[in-house]
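A.B. asks: generate coordinates for the sequence data below:
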Amino acid sequence: MNKIINHDNKMYQLAILVVDDEANIRKTLSYCLAVEGHSVIAVSNPADAIEEARRRSFDLAFVDLKLGEEDGLELIPVLLSESPWTKVVVITAHASIESAVDAMRSGATDYIVKPFTPDQVKLLTRRVGRIRELETEIAALKEDMQRLGPENQLQSKNTCMQRVIETARKAAPSEAIVLLQGESGTGKSVFARAIHHWSSRAAKPMVVVACPAVPPDLLESELFGHAKGAFTGAIRDNPGRIAACESGTLFLDEIGDMIPSVQAKLLRFIQDKEYERLGESRPRKADVRIIAATNADLETRVTEGRFREDLFYRLNVINLIIPPLRKRTEDIMPLAMDFLAYFCRVNHKATLGFSEEAEQLLTTYTWPGNVRELRNTIERAVILGSGERIGRADLPGNITPTAATPAIGDMVSLSTIEEMHIRRVLAKTSSLQEAADVLGIDQATLWRRRKTYGI
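C.D. replies: Sure, this is the predicted structure:
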């Protein structure tokens, strides 16, 4: 989404398509909308309208009911198949209840009667713009519901981490690609969201694609979209994630696991801002900022031929290396206290803090799963603990130095054995794919297991 009008009367820009066979109407509408600060494309017939809709995303489309010998209503479903979020306003010289009902059935949002005034157009455009703004906010809130927590506030007492945060703040207002590197669980996705929030694209969508979580043969379709019938199972058009974050930010998590064929397409998109959906040959354009993250050594993968060198250099514009939690021990207890307050509030508990022994254990543990593991540890302690303070008994066995390492046949749960085995395999392998091969599961399953165990 581009700009819209909010409650503070701040002007936001919309991408608008005008389809009318009368040159004067096109000129009048285009001028009226451009004065408001919107980006406008005006065409005279359905064929040109479809071509424009296939090349770029529109927030709003004004469509004349009669386009010469053609019916404007037939154009509406085609436009919506290209961009389902587009709001269509029908222009008509013969308003009636029947024509209004037909327009709404075809997918229109509203209609306007000729002759119309500039004030009518502005009022309608602002109303539609507010709807698009709310849709974007709701989509962002739905995505954030899965990530709510105190770690969304980037603060640190560690000098190295402070430098990373400061660099992220400086890079955010630019259009430069940001590459986030660091171990799993260090907060790369938190940094990505912060950079988006600090940027001029903050009011637009941020779309996350976790590369290992999407089957390799579907990743291209997930990113770039596909046309109906492009492959078995493609029963309808899919705009793709790039189109979904038009004017916003695309966050590619664990990009080191992206397969070579998709790497090539991504490189082309970064260079030219153009791409094609699967099953189509016509190029499309998109205005999207890219943030990428990886826990892999991309330079090593380039040397090994597993990652494109040209793509690596395109991504490596601003490189932020996030230090692991064990190298910023001064942040452990402040984070733990934030997590404690948050999970006490969520679970309606009144835990006051940590015992001295628990604090000692938390600050001396090496945290291989980093901040994610710390978060999971505190959540578990809050849920299972019953005292006024979190004590040693409330912490999992792997935190306590005297706890014996469980072995097959011990009286422990299967999940404990599974977690220990996955941790050991990940420590001995150089990539997520290699670890998945050793474990006999696919990358998507391994990705979910890591999230579950905070690895």
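
A.B. asks: just the buried residues of stretch 199-219, please?
C.D. replies: For stretch 199-219, burial by neighbour count (16 or more other C-beta atoms under 10 Å) applies to 199, 201, 203-214, 216, 219. No exception for glycine: its C-beta is placed from N, CA and C like everyone else's.

A.B. asks: kindly check the end-to-end length of it for me.
C.D. replies: End-to-end span of stretch 199-219 (C-alpha to C-alpha, to the nearest Å): 27 Å.

A.B. asks: quick thing: my sequence starts at 24, can you match it?
C.D. replies: Right, with 24 as the first residue, what we last looked at is stretch 222-242.

A.B. asks: roughly how far out does it sit from the chain middle?
C.D. replies: Distance, stretch centre to chain centre, for stretch 222-242: 4 Å (C-alpha atoms, centre = their mean, to the nearest Å).

A.B. asks: surely L338 is in contact with A199?
C.D. replies: No. L338 is beyond contact range of A199, at 10.5 Å (criterion: C-beta atoms under 8 Å).

A.B. asks: so between the two, which is more surrounded?
C.D. replies: Taking neighbours as other C-beta atoms under 10 Å, L338 and A199 compare with L338 leading, 24 against 13.

A.B. asks: now the element after the host helix or strand of I48, going C-ward?
C.D. replies: Using DSSP states H and E, I48 maps to helix 46-58. Using DSSP H and E, the helix or strand that follows helix 46-58 in sequence is strand 62-66.

A.B. asks: so what's the gap between the helix holding I48 and the chain middle?
C.D. replies: The mean C-alpha position of helix 46-58 is separated from the chain mean by 35 Å, C-alpha atoms, centre = their mean.

A.B. asks: also stretch 219-238?
C.D. replies: Distance of stretch 219-238 from the chain centroid (C-alpha atoms, centre = their mean) equals 3 Å.

A.B. asks: how long is that stretch from one end to the other?
C.D. replies: 26 Å.

A.B. asks: now that stretch: average pLDDT?
C.D. replies: The average pLDDT within stretch 219-238 is 91.

A.B. asks: please determine how far T51 is located from L88.
C.D. replies: 17 Å (C-beta to C-beta, to the nearest Å).

A.B. asks: so which of these two has more stuff around it?
C.D. replies: Higher neighbour count among T51 and L88: L88, with 20 against 17, using other C-beta under 10 Å.

A.B. asks: domain-wise, how is this structure divided?
C.D. replies: Per the record, the chain has its domains at 38-155, 170-346, 349-476, by automatic domain parsing.

A.B. asks: dump those domains to JSON lines, plus distance to A162.
C.D. replies: Formatted as JSON lines, the domains of the chain follow (distance: least, C-beta to C-beta, whole Å):
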{"stretch": "domain 38-155", "distance to A162": "9"}
{"stretch": "domain 170-346", "distance to A162": "6"}
{"stretch": "domain 349-476", "distance to A162": "21"}
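
A.B. asks: quick one on the thing from earlier: check which helices and strands the helix holding I48 sits against.
C.D. replies: strand 38-42, strand 62-66, helix 141-168 (3 or more C-beta pairs under 8 Å, 6 or more residues apart in numbering; DSSP states H and E).

A.B. asks: other residues contacting that helix?
C.D. replies: Contact with helix 46-58 is made by 37, 39, 41, 43, 63, 65-67, 85, 87, 114, 137, 141, 144-145, 148, as judged by C-beta atoms under 8 Å, 6 or more residues apart in numbering.

A.B. asks: cool, and stretch 306-315?
C.D. replies: With C-beta under 8 Å, 6+ apart, stretch 306-315 has contacts from 77-80, 198, 200-203, 215, 218-219, 222, 224, 265-266, 268-275, 278, 292-293, 296-300, 338.

A.B. asks: next: stretch 438-448.
C.D. replies: Taking C-beta under 8 Å, 6+ apart as the rule, stretch 438-448 contacts 391, 420, 428-429, 431, 458, 461-462, 469, 472-473, 476, 478.

A.B. asks: and that stretch, what's buried?
C.D. replies: For stretch 438-448, the neighbour count (16+ other C-beta under 10 Å) marks 442-443, 445-446, 448 as buried.

A.B. asks: what ranges in this protein fall below the confidence cut-off?
C.D. replies: The model of the chain has pLDDT under 70 over residues 24-35, 118-120, 163-176, 424-429, 450-451, 453, 477.

A.B. asks: residue with max distance from the center of it?
C.D. replies: Farthest-out residue of the chain from its mean C-alpha position, per C-alpha atoms, centre = their mean: H117, at 43.3 Å.

A.B. asks: OK, contacts around the closest residue to that one other than its chain neighbours?
C.D. replies: Computed as C-beta to C-beta, 6 or more residues apart in numbering, the closest residue to H117 that is not its neighbour in sequence is L88, at 7.6 Å. The neighbours of L88, taking C-beta under 8 Å, 6+ apart as the test, are 94-96, 113-117, 122, 126.

A.B. asks: show the buried residues in the residues you listed.
C.D. replies: 95-96, 113-115, 122, 126.

A.B. asks: can you give me the neighbour number for D280?
C.D. replies: 25.

A.B. asks: what separation do you get for it and F330?
C.D. replies: 10 Å.

A.B. asks: before we move on, what about N181?
C.D. replies: Look at N181 and F330: by C-beta to C-beta, they are 30 Å apart.

A.B. asks: next: T272.
C.D. replies: For T272 relative to F330 (C-beta to C-beta), the value is 22 Å.

A.B. asks: just the buried positions in the helix holding I48, please.
C.D. replies: 48-49, 51-53, 55-56.

A.B. asks: just stretch 299-317 next, same as before
C.D. replies: Quick answer for stretch 299-317 (16+ other C-beta under 10 Å): 299-303, 307, 309-317.

A.B. asks: so which of these belong to helices?
C.D. replies: Assigned to helices by DSSP state H, none of those qualify.

A.B. asks: closest to A381 among those?
C.D. replies: Checking the buried residues of stretch 299-317 against A381 by C-beta to C-beta gives A316 as the nearest, at 31.6 Å.

A.B. asks: the closest one contacts V213, correct?
C.D. replies: No. Between A316 and V213 there is no contact under C-beta under 8 Å: 10.4 Å.

A.B. asks: on the three-state scheme, V113 is what?
C.D. replies: Recorded secondary structure, V113: strand (DSSP: H, G, I helix; E, B strand; the rest coil).

A.B. asks: how about it, what does it touch?
C.D. replies: Counting by C-beta under 8 Å, 6+ apart, V113 has contacts 86-88, 95-96, 99, 122, 126, 131, 133-135.

A.B. asks: which other helices and strands contact the helix or strand where Q286 lies?
C.D. replies: Per DSSP H and E, Q286 falls inside helix 283-295. Applying 3+ C-beta pairs under 8 Å, 6+ apart, we find helix 283-295 packed against helix 239-247, strand 297-298, helix 332-338.
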